[in-house]
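Participant: Output the structure for:
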Amino acid sequence: METVTLKRGRGSVQLVKSDDLIAIRTTSQGDVAEALSAVAHNSVPVDTGSHLGGFQIVKVGDSKEVTEKTLNELRTHYLVDAGSHVYHTPSDAAPIVPTGKITLRFTESSTESQRQQVLDENHLEIVDSTAKQKPDGTRTETFTVRTTPEAPNPLKVAEKLQQQTDVVSLAEPDLATPGQLFAFQLPTDSLFKEQWHLKNDGLQFGTSLGLKAGADARVVAAWQRMQSTGSPACIVAVIDDGFDLSHPDLSGNSKVVAPWDFGSNTADPSPRRFNPDPRQGDYHGTACAGVAIGHRHLYGPTDFVDQELFLRLQEQLIQKRQENNVLREVNNVALPAAMTFPPASQAALESKKREASALLHHDDPQKGRWGGKSESNGLKVVVGEISQLKSDPAYYNVPVKVVSTDPKAHPLKGKVRFHLHDTFSPEVDEVIATNNSAKLNLVAYGAFTVGVETEDGTQLEVDLANEPGAPRKFRER
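Facilitator: Residues are numbered from 1 along each chain as shown. Alright, predicted model coming up:
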């Protein structure tokens, strides 16, 4: 039994290689059945009921050696774009497919030559990168890389990278699965059950006085859907009065980022007015920060977004907040450019809901969330010619439209919602269908998946990276 142990978030997961399952991803012109007909061994597609990053699970009904041979044969077939082993956890038979992509982050102390050596030795190529600037001016860059044909198994590559802690701070492979990798557990804080704002069952400290069951922030339900209590990639800004940064729920583990008190113009936002009447004191910020981002396993509050970092600003000094939701001035004191806050839109909230019940594709958030088909129920997504912008060749015109293939039986009418990559604003665009067609013209830097919803409930999606006529540079970004 061949196994791989990987770090995932704060924990780890052991994956076991399947003896009789493999996965293949065909080219845009390819067909799974046609590709399988080219191998002599008994191989049949397996319906997982889910879109697995473009891969089709195939069952090979012979020995482990035949499974390996079949996979190698299919990898060289002209209709097959990629082939992979299939894995599962020791306690669950749900198939897990490494898509070939890895989220990679280097240590701050690593040099350019060390980083390049990691890429070269493991036969990796960069397909995307994002950079976030911290309040102290330093930048954290996260790369999406993918294995090339010369690379070993992507899980083996990730396992190796995770051991190079002097150069690599994060290496997580993109895994597609219709199941779950972990048995998610709620926080074990002793006071968790008393925090009615997270989940209100109508009782607190043995009494129901003043409580109404269900009147809460739905936090526990969100955790359970996401199978997670948060990500350290986020920075939460808590704007309030005093903060006790020595409190056990807020101290240690680099929890605090760029504290500042605009009243005293110092980096110490500690409470200064203590009073038995909380309305007269200035320690409200401590409680709010504890609820928002406090440590998960201490005796104090269980936080809403575990592992998060946060900023604190004194609320009484905030004078201006512009429409784009960026704090520009605080009592005539200019904030650093890094202190920006993304706009809270309904589209963003809807996107998070979809993420809770879908596979996590870090670089393509709509992928696999709208049925995986570009044509269904008499409707079809059509992508026009993708061409470079004349004004800026780094970007591309991308015309996308939804049409009815049978206007009499399945007319397209009403609103059509296009779900885009999360770098778009708005992330969801609505178009009114006319003459059985709804068209949206996009300008994009690289390929991504577009999800579609129509008023009759039809869901469609199209991966622009699979468009045969798209420029190679656009498809590979």
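
Participant: hey, let's count contacts and neighbours off CA atoms from now on
Facilitator: Will do.

Participant: what stretches of the stretch 51-200 of the chain score poorly on pLDDT?
Facilitator: Flagging of the stretch 51-200 of the chain using pLDDT under 70 yields the residue ranges 51, 133-137, 179-185, 188-190.

Participant: in the stretch 251-400 of the chain, what spans have low per-residue confidence?
Facilitator: Counting by pLDDT under 70, the low-confidence segments of the stretch 251-400 of the chain come to 252-255, 275-279, 295-362.

Participant: 90 instead, please
Facilitator: Low-confidence segments of the stretch 251-400 of the chain, defined by pLDDT under 90: 251-372, 388-395.

Participant: Am I right that residue 120 is in a helix?
Facilitator: Yes - assignment of residue 120 by DSSP: H, G, I helix; E, B strand; the rest coil places it within a helix.

Participant: Roughly how far does it sit from residue 141?
Facilitator: Here the criterion is CA to CA, to the nearest Å. By it, residue 120 lies 19 Å from residue 141.

Participant: Other residues contacting the helix or strand in which residue 73 is found?
Facilitator: Applying DSSP states H and E as the criterion places residue 73 in helix 64-75. Among residues not part of helix 64-75, those counted as contacts by CA atoms under 8 Å, 6 or more residues apart in numbering are 19-22, 24, 35-36, 39, 41, 60, 80-85.

Participant: I'd like the distance from that helix to the chain centre, please.
Facilitator: Using CA atoms, centre = their mean, to the nearest Å, we find the averaged C-alpha position of helix 64-75 to lie 32 Å away from the chain's own average C-alpha position.

Participant: Please apply the same query to stretch 115-122.
Facilitator: 25 Å.

Participant: Show me what it is in contact with.
Facilitator: Residues outside stretch 115-122 that contact it (CA under 8 Å, 6+ apart): 106, 125, 147, 151, 152, 157, 167.

Participant: So how do I select the buried members of those in PyMOL?
Facilitator: Buried members of the contacts of stretch 115-122 can be picked out in PyMOL with the line below, counting by 16 or more other CA atoms under 10 Å:
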select buried, resi 106+147+151+157+167
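
Participant: how about the contacts of stretch 115-122 in a markdown table, adding secondary structure?
Facilitator: Written out in a markdown table, the entries for these read as follows (three-state DSSP):
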| residue | secondary structure |
| --- | --- |
| 106 | strand |
| 125 | strand |
| 147 | strand |
| 151 | coil |
| 152 | coil |
| 157 | helix |
| 167 | coil |
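
Participant: Out of the contacts of stretch 115-122, which is nearest to residue 210?
Facilitator: Comparing these against residue 210 with CA to CA picks out residue 106 as the nearest, at 50.8 Å.

Participant: any idea what sits nearest that closest one, other than its immediate chain neighbours?
Facilitator: Computed as CA to CA, 6 or more residues apart in numbering, the closest residue to residue 106 that is not its neighbour in sequence is residue 168, at 4.3 Å.

Participant: The one you found contacts residue 161, doesn't it?
Facilitator: Yes - Residue 168 is in contact with residue 161 according to CA atoms under 8 Å; the separation is 6.5 Å.

Participant: just to revisit the earlier point, in contact with the residue nearest to residue 106, which residues?
Facilitator: Residues touching residue 168, when contacts are defined by CA under 8 Å, 6+ apart, comprise 104, 105, 106, 107, 161, 162.

Participant: And it, how close does it get to residue 153?
Facilitator: In this structure, residue 168 and residue 153 are 18 Å apart, going by CA to CA.

Participant: do the same with residue 473
Facilitator: Remark: distance between residue 473 and residue 153 (CA to CA) = 25 Å.

Participant: Neighbour count: these two, which is higher?
Facilitator: Set side by side, residue 473 and residue 153 show unequal neighbour counts under other CA atoms under 10 Å, the larger going to residue 153 at 16 against 12.

Participant: Run through who's touching stretch 404-419.
Facilitator: By CA under 8 Å, 6+ apart, the residues outside stretch 404-419 that reach it are 366, 377-380, 403, 427-438, 450-455.
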